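In: how does the following fold in three dimensions:
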Amino acid sequence: MPTAAASEQAAGQAPDSCNEVPVLLYTGVVKRPDRPKGLKPSSLAVSELCVERQLAAVAADPDDPCLLKWRKVHKPWLPQPPEGLCLNCFRDPFVLERPSTDNGHIWRIMVGAGIRDSDTGMVCAGDICHTQDVRNASGPTKVPAKAAGGFRADYPTERNAPARQAATGTALVYKSKHLLSGWVFEGHLCTARDREVDGVVWECPVMAKLPYLQTNTPAAMLQQGTSSTYQDRYLFSVSIGRSPAIYWLGQYVEGRFDINHATGPHPLDLGDLLYAPNLLTDPQGRVLLWGWLSELPNPGGLHDYAGCISLARQLQLSPEGYLHQQPVPELRQLRMEPSWTAATVTIAPGESRHIAAEVPASYFDLEVSLKPQPGSTSCTAGIVLPAWSAADTVNSRNGAAAAAASGSMTENQGAILVYDFASCQLSVIIGPGVGQEFSAAAAAPAGSSQATTASDSNNSSSDNGSQDVAAMLLARYTAAGSGSDGGASGVRQLGGQLRLSPFQPLKLRVLMDFSLLEMFTADGQTLSTRCYRGRWPTATNSSRSNILTSSIDSSISSNVAAGAAADSGYVTSGQDSSQAAAAAAEPAGSATAKGAPGGVWLLAFGSQVTAEDVGMHAMSSAWVDQAT
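Out: The predicted model follows:
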């Protein structure tokens, strides 16, 4: 986002060009001087704290491929909402159509909004504009000291006050022959059908016609549209004040989206953070999407950053009519050494396998296909990204001071991915101390019992698959992380149902860039979140061990690793097969002792799991230099 004036905050989209000069459309805000005291910013309260208007900036140097400098156009191209509409939101413009012969050479845009109920008594977006004509402002707007009508003495300041929730999400549609002037309100793109589900405010609306996923389906069938599945489908997505963003798939014609016959709303992501996505169609015709992943919680003044942008993902429509999301192929260019591959890794029930120990665990790209044992009636697979010792983790930008100030709930985090082949349920348990016993075992000196001893060998692990492993993990780590006063542990569970058949293999790609964690399944579903692991520890001990009972065996068996290496074709970059087998058979902790810890742990519950076509690569990261 280009630098804006001190009084403006921006969110918006860059159209291709206006007279060959790139133009950025965005929402700017000016604080209301009489804003209600005690009302904190939120998606539902912005318009009560600020005046929102639609602004533009043009590239100062259109020939600069990076477009680093922009010049603001001070006159708003859309200064206020339409007359007669009481809105709780007026922000985030998005270009629906560009001039073409098909649409009469017009621009068409939409702006996010929410229609307030008539009897709420709440201030409407744009009300303050009635006391000063900002539509013809030639410079920064000066807001008068008193708004029209003002705020009554008992105006609600609770973020989720009932009156603030009495609204219906919508998107306003405008058209014009010119990008920066002459906009005419056309009506509503569509309106929420159920405010509880669809949202009372629609922020960051985006839309795109989805290209079809390339499959073996006959091209003629796709082109002829022999069923509704193969008709043109548009993705319409909004953010409704809580994560993740939601979307519908349906028909769009001339500024109207048919929400009544669309499928949805569906979560855009199975995680807990993806919000305010933006998208574009690139010159290859691909629809690419990025989303905002905020901090948990907001770090405030402790950090010099807040939030990050997800990896670029490509959106397509599957033959079955589902949204299919995958990381863009260009991300493979970020792969670097060291790397580790294996044709097959076998994990017996109740066992764990440490793989790719030479690959950094803070920035990696992992691909794996997990298969249950044929004939299984219960089977669960797991991938562990363990937390590290709290005393040895350091925040990747601001050091130990920030770690100490922010507390354990946002440091020393780990994650365990769990997939139940019977229910097709994908879960991620994430939080402080999660999986820490695995890293403690790997860091322990050779021969340490911490690396090889199960918590309770008297209990059989063969019954693991009949239990809800994700629920068991959540309960264990929540109990372990709670304080003596019963305080919150910071452990949470994410995930959802996958579009797979029971006991069908799970093909998965996991990408981690320090705190950014994103997972993609082969059937086109995604899970994105933040996991604050800090740096790898330098010490070889841990204050927490044996968290799990024997029903979730945390032992790391060097003899199992050696046997698997001998017949599975493990290959670590720079090693031949015999060296790789020897490395896999080394005692637990030896890689850490050499100063090259990393990798992940694979788990199996209930019955044997086979990991095939395993590949783990270090991934180039902008954070690497700052974290070393």
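In: and A480, what helix or strand is that in?
Out: Secondary structure from DSSP states H and E places A480 in helix 469-481.
In: for that helix, give the mean pLDDT please.
Out: On average, the pLDDT along helix 469-481 is 87.
In: show me what it is packed up against.
Out: Judged by 3 or more C-beta pairs under 8 Å, 6 or more residues apart in numbering; DSSP states H and E, the packing partners of helix 469-481 are strand 413-420, strand 425-432, strand 492-497. The way it works is simple: take the backbone N, C-alpha and C, and place the C-beta from them, glycine included.
In: tell me what angle that helix forms with strand 413-420.
Out: 160 degrees (axes from the mean of the first three to the mean of the last three C-alpha atoms, to 10 degrees).
In: mind listing what's buried along helix 469-481?
Out: V469, A470, M472, L473, L474, R476, Y477, T478, A480, G481 (16 or more other C-beta atoms under 10 Å).
In: now the helices for the stretch 201-350 of the chain?
Out: 219-224 (DSSP state H, counting those that start in this stretch).
In: which parts of it are strands?
Out: Assigned by DSSP state E, counting those that start in this stretch, the strands in the stretch 201-350 of the chain fall at 203-209, 234-239, 246-250, 252-253, 256-257, 263-267, 275-281, 287-293, 308-309, 313-317, 323-327, 335-347.
In: need the winner for burial among those.
Out: Of all those, strand 234-239 has the most neighbours on average by mean count of other C-beta atoms under 10 Å, namely a mean of 25.
In: which residues sit against that strand?
Out: Here strand 234-239 makes contact (C-beta atoms under 8 Å, 6 or more residues apart in numbering) with 43, 112, 169, 171, 189-190, 199, 202-210, 245-252, 257, 259, 262, 268, 275-277, 287, 315, 323.
In: at 7 Å what do you get?
Out: Here strand 234-239 makes contact (C-beta atoms under 7 Å, 6 or more residues apart in numbering) with 112, 169, 199, 202-210, 245-252, 257, 268, 275-277, 315, 323.
In: do the same with stretch 271-290
Out: Here stretch 271-290 makes contact (C-beta under 7 Å, 6+ apart) with 13, 203-204, 206, 208, 210-211, 237, 239, 243-245, 268, 291-294, 309-310, 312-315, 328, 494, 527-530.
In: how about 6 Å then?
Out: The contact list for stretch 271-290 (C-beta atoms under 6 Å, 6 or more residues apart in numbering) reads 204, 206, 208, 239, 243-245, 268, 291-294, 309-310, 312-315, 494, 527-529.
In: contacting residues for R533?
Out: If a contact means C-beta under 6 Å, 6+ apart, then R533 has Q413 as its contacts.
In: now do it against P432, distance only.
Out: Look at R533 and P432: by C-beta to C-beta, to the nearest Å, they are 10 Å apart.
In: who touches both of these two?
Out: Counting by C-beta under 6 Å, 6+ apart, the common neighbours of R533 and P432 are Q413.
In: could you report the pLDDT at D485?
Out: pLDDT, D485: 43.
In: next, the buried residues of stretch 82-90.
Out: P82, L85, C86, L87, N88, C89, F90.
In: identify the residue spatially nearest to the third one, adjacent ones excluded.
Out: The shortest distance from C86 to any residue other than its chain neighbours is 3.9 Å, reached at C124 (C-beta to C-beta, 6 or more residues apart in numbering).
In: wait, doesn't the one you found sit right on N88?
Out: No: contact between C124 and N88 fails when scored by C-beta atoms under 6 Å: they sit 7.8 Å apart.
In: what residues of stretch 49-62 count as buried?
Out: L49, C50, V51, E52, R53, Q54, L55, A56, A57, V58, A59.
In: redo those residues as a markdown table? Include secondary structure, pLDDT and distance to L39.
Out: Converted to a markdown table, the buried residues of stretch 49-62 look like this (DSSP: H, G, I helix; E, B strand; the rest coil; pLDDT from 0 to 100; distance: C-beta to C-beta, whole Å):
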| residue | secondary structure | pLDDT | distance to L39 |
| --- | --- | --- | --- |
| L49 | helix | 91 | 6 |
| C50 | strand | 91 | 11 |
| V51 | strand | 92 | 15 |
| E52 | strand | 94 | 16 |
| R53 | strand | 95 | 20 |
| Q54 | strand | 97 | 23 |
| L55 | strand | 97 | 24 |
| A56 | strand | 97 | 29 |
| A57 | strand | 97 | 29 |
| V58 | strand | 96 | 35 |
| A59 | strand | 95 | 37 |
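In: between those residues, which is nearest L24?
Out: For the buried residues of stretch 49-62, the residue nearest L24 by C-beta to C-beta is A57; the value is 4.6 Å.
In: the closest one against L25, yeah?
Out: No: judged on C-beta under 6 Å, A57 makes no contact with L25 at a distance of 8.5 Å.
In: ok so, going back, okay, the helices and strands packed on helix 469-481 in a markdown table with mean neighbour count and distance to V368 next?
Out: A markdown table is the format used below for the helices and strands packed on helix 469-481 (neighbours: other C-beta atoms under 10 Å; distance: least, C-beta to C-beta, whole Å):
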| stretch | mean neighbour count | distance to V368 |
| --- | --- | --- |
| strand 413-420 | 26 | 10 |
| strand 425-432 | 25 | 14 |
| strand 492-497 | 17 | 17 |
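In: stretch 236-247 - what's its average pLDDT?
Out: Stretch 236-247 comes out with an average pLDDT of 96.
In: okay, how far is it across that stretch, tip to tip?
Out: Using C-alpha to C-alpha, to the nearest Å, one end of stretch 236-247 lies 5 Å from the other.
In: for stretch 67-75, list the C-alpha coordinates in CSV.
Out: Presented in CSV, the C-alpha positions along stretch 67-75 are these (Å, rounded to 0.1, in the frame of the first residue of the first chain):
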residue,chain,number,x,y,z
LEU,A,67,5.8,1.3,-8.5
LEU,A,68,7.4,2.6,-5.3
LYS,A,69,6.2,6.2,-5.4
TRP,A,70,2.6,7.4,-5.6
ARG,A,71,0.9,10.8,-5.8
LYS,A,72,-2.4,11.3,-4.1
VAL,A,73,-5.4,12.7,-5.9
HIS,A,74,-6.8,14.9,-3.2
LYS,A,75,-10.3,15.2,-4.6
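In: hang on, the earlier thing: got the angle for the helix holding A480 vs strand 492-497?
Out: 170 degrees.
In: when you give positions from now on, start the count at 17
Out: Okay, using 17 as the starting number, the last item reads as helix 485-497.
In: shaky segments in the protein?
Out: Per-residue confidence for the chain (pLDDT under 70) gives these ranges: 17-35, 144-166, 231-246, 314-321, 405-427, 458-483, 497-504, 550-613, 638-644.
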